[in-house]
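**Student:** model this:
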Amino acid sequence: MSVVKNKRSLSRLEFYNTARKLRIDLTNWLLRDFGIRDKVYKFKNDDELEKTLYAEYPKWFIESTRQTMLTILTNLMMNITAANSIYPINMTEVDLRRGIQDKAIANCEQLLQELIYCADVMPLQTSKLEPYAEMIDKEIALLKGWRKTTNDIGKRIMTKNQKSDTIFRTKC
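**Tutor:** Down below sits the predicted model:
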């Protein structure tokens, strides 16, 4: 029996699926050179002939910014994958997993800062950036929820350790 769509809870790996979609969407946007078109200037000569001049946005800047964003996206996916590969059974592993999850959240914040920088420097329409910013915000919320479940695992491990210490002390 299926559950009505609006009554379903999030998938356990929703943070992963959203990160993958974010990576694909941003990569496609970067492949289109941020959606920047060459500037076209039209003017008339002294002889009244209309001339058209094309001015490109500096390629070195586009390539540099593109590479920075692709590196951050790669780091985001690597951190999510690394943290997801750890199923903690002791507090050291909980701390390790949480640290990597924190890095993934930091990657999302870095992406937001790069988007803001692009909007500040390039002639971009902010309406074109909003879907990416919203997707990044959603990813941050999902990663924080995932990190909370890691904290819950840590609490269960601590409780289990305290109970086993109590049993050990009473037997001795």
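
**Student:** run through who's touching stretch 89-99.
**Tutor:** Taking Cβ atoms under 8 Å, 6 or more residues apart in numbering as the criterion, the residues outside stretch 89-99 that touch it are Ala83, Ile86, Tyr87, Pro88, Arg147, Thr150, Asn151, Ile153, Gly154, Ile157, Met158, Asn161. Using the backbone N, CA and C atoms, a C-beta is placed for each residue, glycine as well.

**Student:** filter those residues down to the buried ones.
**Tutor:** Those of the contacts of stretch 89-99 that meet the buried threshold are Ala83, Pro88, Arg147, Thr150, Ile153, Gly154, Ile157, by 16 or more other Cβ atoms under 10 Å.

**Student:** just checking, what packs against the strand or helix carrying the first one?
**Tutor:** It refers to Ala83. Here Ala83, judged by DSSP states H and E, is contained in helix 59-84. Counting contacts by 3 or more Cβ pairs under 8 Å, 6 or more residues apart in numbering; DSSP states H and E, helix 59-84 packs against helix 14-31, helix 91-121.

**Student:** out of these, which is closest to Ile72?
**Tutor:** Taking Cβ to Cβ as the criterion, helix 91-121 is the member of the helices and strands packed on helix 59-84 that comes nearest to Ile72, at 5.0 Å.

**Student:** chain neighbours aside, what residue packs nearest to the residue nearest in space to the middle of the chain?
**Tutor:** Computing the C-alpha centroid of the chain and ranking residues by Cα atoms, centre = their mean puts Cys108 first, at 3.7 Å. Beyond its immediate neighbours in the sequence, the residue positioned closest to Cys108 (Cβ to Cβ, 6 or more residues apart in numbering) is Ile140, lying 4.8 Å away.

**Student:** now do the strand or helix carrying Glu139: which elements does it pack against?
**Tutor:** Using DSSP H and E, Glu139 maps to helix 126-171. For helix 126-171, the helices and strands in contact under the criterion 3+ Cβ pairs under 8 Å, 6+ apart are helix 14-31, helix 91-121.

**Student:** for these, give me a markdown table that also has distance to Leu76 and mean pLDDT.
**Tutor:** Formatted as a markdown table, the entries for the helices and strands packed on helix 126-171 read as follows, by distance: least, Cβ to Cβ, whole Å; pLDDT from 0 to 100:
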| stretch | distance to Leu76 | mean pLDDT |
| --- | --- | --- |
| helix 14-31 | 6 | 94 |
| helix 91-121 | 4 | 95 |
